[in-house]
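**Student:** Sequence and computational prediction follow.
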Amino acid sequence: MKYYLGIDQGTTGTTSIVFDEEWNICGKGYVEHKQYYPKPGWVEHDPIEIWEKTKESVATALIQAGINANDLRSIGLDNQGETCMAWDKKSGKPIYNAIVWQDRRTAKRADELKEKYNELIAKRTGLTIDAYFSALKIKWILDNISEAKEKADKGDLLVGTLDTWLLWKMTGGEIYVTDSSTASRTMLFNLHTNQWDDEILNIIGIEKSILPQIKDSAKIYGYTSLEFIDAKIPIAGSVVDQAAALFGQACFDKGSVKTTYGTGCFMLMNTGDKPIVSENGLITTAVWSLDNKITYALDGGVYIGGAAVQWLRDGLEIIKSADETEALAKSVPNTGGVYFVPAFTGLAAPYWDQYARGTIIGITGGTRREHIVRATLEAIAYQVAENLEVMQEDSGIKIETMRADGGAVVNEFLMQFQADVLGIPVDVPVINETTALGAAYLSALGVGDFNSVKEINSNWKLNKRYVPSIDKDQRESMIEQWKKAVQRATNWIK
């Protein structure tokens, strides 16, 4: 029996899943890591903690699967995207915490650059200039951490997204790489040449020499060191998390769409071998590179999805666990006129407003926690619906169904409401951990156990389809009211 390991290194924790050759889940490990908020709008992770938790989650998955490390055929990794860090090549020590994709410390610098270079950078990278992407975070570390320049001058500084850090650690410092999909989240990658862009590096002030080499998303990068697991296994797939989910959902045809419900919500539409430039605030991204050929997607990212539910639990403390939200939302017929715009760190696509902030509006003396919980779940669905609307406009493709994955798809209220506000069916697959699955698929492709993506197609199985249950007029009226609430939240702290 062959076994494949998919590691999904996410914003709030690391999931490791062992799949057998029939692509059934045999074992799973999940370990949370801490979020650090040193100043308002700043978000950090401890890279050493992430490394330790990754090892822990892998060990748990192997134990649960009842196998040894040397039973693994290959390992695939996906990462949280724009989160980045810098470390010392000799000691292996980070010189600063990882700066998380949600971090807004570089918002002002993004505004300054936007005025002069937005058109050039958007054309080359597919991204609008924003603090969300890695480039300005890397520049902040170079400018603000005293040892960064000295180490860079000596050739001892390594800089990268978390895939680069983990691949380096997993192989005992043997490989220093990233893949095209993750590179395309940095704002330094040229979508058309599949390389770092020299002119943009020059504009931002980052030396190419400190960046990792860009590779295909499926190939043998190197082998695991004994510090990681007790065997020498090929690491053969690496990709950014949302691309991994698109791959795991078998969205290989042009026009196929998936949304992943995690800390944020991320909708991707496969646009094939041509990048489509968005007119409406979506971003254009590389989702994987195979045999040096990039597959592109339109990407509608929502910063706060599941994180809003987490805030109900840990911030407001009005629920004890996310599981309660479904019953609470169903216990009231509607939100009682309450709308919640969870713009904790600004609004992403299609608004790109760095200065929006969270807003709960429509509260009356009759508002109860059930209404706020329901409004939170509805907010997730509204944000996704807005992205689908502009995705259809930008691509000229009518979306017939949406595939959904991630932790929140177990919430039947949310999935039904999502179908209602989209006006199309929402399909949830049997395996909703599609991010780790996509990473494992890519590793199997990398070691030659699949000859092409077409062989993966037949593995996708439907668990449940949610069909819209409201009419067009009702849908449009609800969305109009939601957009009114969003306007109240925009441009708040400027």
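**Tutor:** Received it, and whenever you're ready, just let me know what you need.
**Student:** close enough to count as contact, residue 67 and residue 18?
**Tutor:** Yes: applying Cβ atoms under 8 Å as the test, residue 67 and residue 18 come out as touching, 6.7 Å apart. For every residue, glycine as well, the C-beta is placed using N, CA and C.
**Student:** joint contacts of those two?
**Tutor:** 3, 26-27 (Cβ atoms under 8 Å, 6 or more residues apart in numbering).
**Student:** In terms of distance to residue 319, which of those residues ranks first?
**Tutor:** Comparing those against residue 319 with Cβ to Cβ places residue 27 closest, at 29.6 Å.
**Student:** What count of nearby residues applies to the closest one?
**Tutor:** Residue 27: 20 surrounding residues under other Cβ atoms under 10 Å.
**Student:** So it: helix, strand or coil?
**Tutor:** strand (DSSP: H, G, I helix; E, B strand; the rest coil).
**Student:** how close does it get to residue 431?
**Tutor:** 14 Å (Cβ to Cβ, to the nearest Å).
**Student:** do the same with residue 181
**Tutor:** 21 Å.
**Student:** What segments of the stretch 51-200 of the chain are helices?
**Tutor:** Under the criterion DSSP state H, counting those that start in this stretch, helices of the stretch 51-200 of the chain are mapped to 107-125, 134-144, 146-154, 162-170, 180-183, 198-204.
**Student:** Below-threshold pLDDT in the stretch 301-450 of the chain: ranges please.
**Tutor:** Judged against pLDDT under 70, the stretch 301-450 of the chain has no low-scoring part.
**Student:** What are the boundaries of the helices in it?
**Tutor:** Taking DSSP H, counting those that start in this stretch as the criterion, the stretch 301-450 of the chain carries its helices at 306-314, 324-330, 369-395, 412-422, 434-446.
**Student:** and the second one, what does it pack onto?
**Tutor:** Here helix 324-330 is seen to pack against helix 369-395, helix 412-422 when contacts are counted using 3 or more Cβ pairs under 8 Å, 6 or more residues apart in numbering; DSSP states H and E.
**Student:** Check whether residue 307 really touches residue 358, as I assumed.
**Tutor:** No: at 10.6 Å, residue 307 and residue 358 do not qualify as touching, with contact defined as Cβ under 8 Å.
**Student:** Which residue of those two possesses the greater neighbour count?
**Tutor:** Set residue 307 next to residue 358 and count neighbours by other Cβ under 10 Å: residue 307 wins out with 23 against 17.
**Student:** How much space separates that one from residue 121?
**Tutor:** Between residue 307 and residue 121 the distance, using Cβ to Cβ, works out to 27 Å.
**Student:** same thing with residue 260?
**Tutor:** As judged by Cβ to Cβ, residue 260 and residue 121 stand 26 Å apart.
**Student:** With residue 223 instead?
**Tutor:** According to Cβ to Cβ, residue 223 and residue 121 sit 37 Å apart.
**Student:** The two: which has the busier surroundings?
**Tutor:** residue 121 (24 against 18).
**Student:** List the residues that contact the closest residue to the more buried one other than its chain neighbours.
**Tutor:** Using Cβ to Cβ, 6 or more residues apart in numbering and skipping the chain neighbours, the partner closest in space to residue 121 is residue 129 (5.6 Å). Applying Cβ under 8 Å, 6+ apart to residue 129 gives the contacts 110, 113-114, 117-118, 121-122, 187.
**Student:** can you count the residues close to residue 151?
**Tutor:** Neighbour count for residue 151, taken as other Cβ under 10 Å: 21.
**Student:** And residue 181 and residue 431? Which one has more around it.
**Tutor:** Neighbour comparison, residue 181 and residue 431: the larger count goes to residue 181, with 33 against 19 (by other Cβ under 10 Å).
**Student:** Could you pull up the residues touching that one?
**Tutor:** Contacts of residue 181 by Cβ under 8 Å, 6+ apart are 217, 239-240, 243, 285-289.
**Student:** Spatially, which two of those are the most separated?
**Tutor:** The span of the contacts of residue 181, defined through Cβ to Cβ, is set by 217 and 285 at 12.7 Å.
**Student:** who touches both of the two?
**Tutor:** Shared contacts of residue 217 and residue 285 (Cβ under 8 Å, 6+ apart): 181, 243.
**Student:** Name the residue in the two with the higher neighbour count.
**Tutor:** Comparing residue 217 with residue 285 by other Cβ under 10 Å, the one with more neighbours is residue 217, at 30 against 27.
**Student:** Which residue, other than its chain neighbours, is closest to the more buried one?
**Tutor:** Of all residues beyond its chain neighbours, the one nearest residue 217 is residue 288 (4.1 Å), with distances taken as Cβ to Cβ, 6+ apart.
**Student:** how far away is that neighbour from residue 379?
**Tutor:** Note on residue 288: its distance to residue 379, by Cβ to Cβ, is 31 Å.
**Student:** more neighbours, those two?
**Tutor:** Taking neighbours as other Cβ under 10 Å, residue 288 and residue 379 compare with residue 288 leading, 29 against 25.
**Student:** thinking that one is in contact with residue 219, fair?
**Tutor:** No: Residue 288 is beyond contact range of residue 219, at 11.3 Å (criterion: Cβ under 8 Å).
**Student:** and the longest strand along the chain, what other elements does it pack with?
**Tutor:** In the chain, taking DSSP state E as the definition, the longest strand is strand 293-302. For strand 293-302, the elements it packs on are helix 241-248, strand 265-272, strand 283-290, helix 369-395, judged by 3+ Cβ pairs under 8 Å, 6+ apart.
**Student:** how does it look with 10 Å?
**Tutor:** Judged by 3 or more Cβ pairs under 10 Å, 6 or more residues apart in numbering; DSSP states H and E, the packing partners of strand 293-302 are helix 180-183, helix 241-248, strand 257-261, strand 265-272, strand 283-290, helix 369-395.
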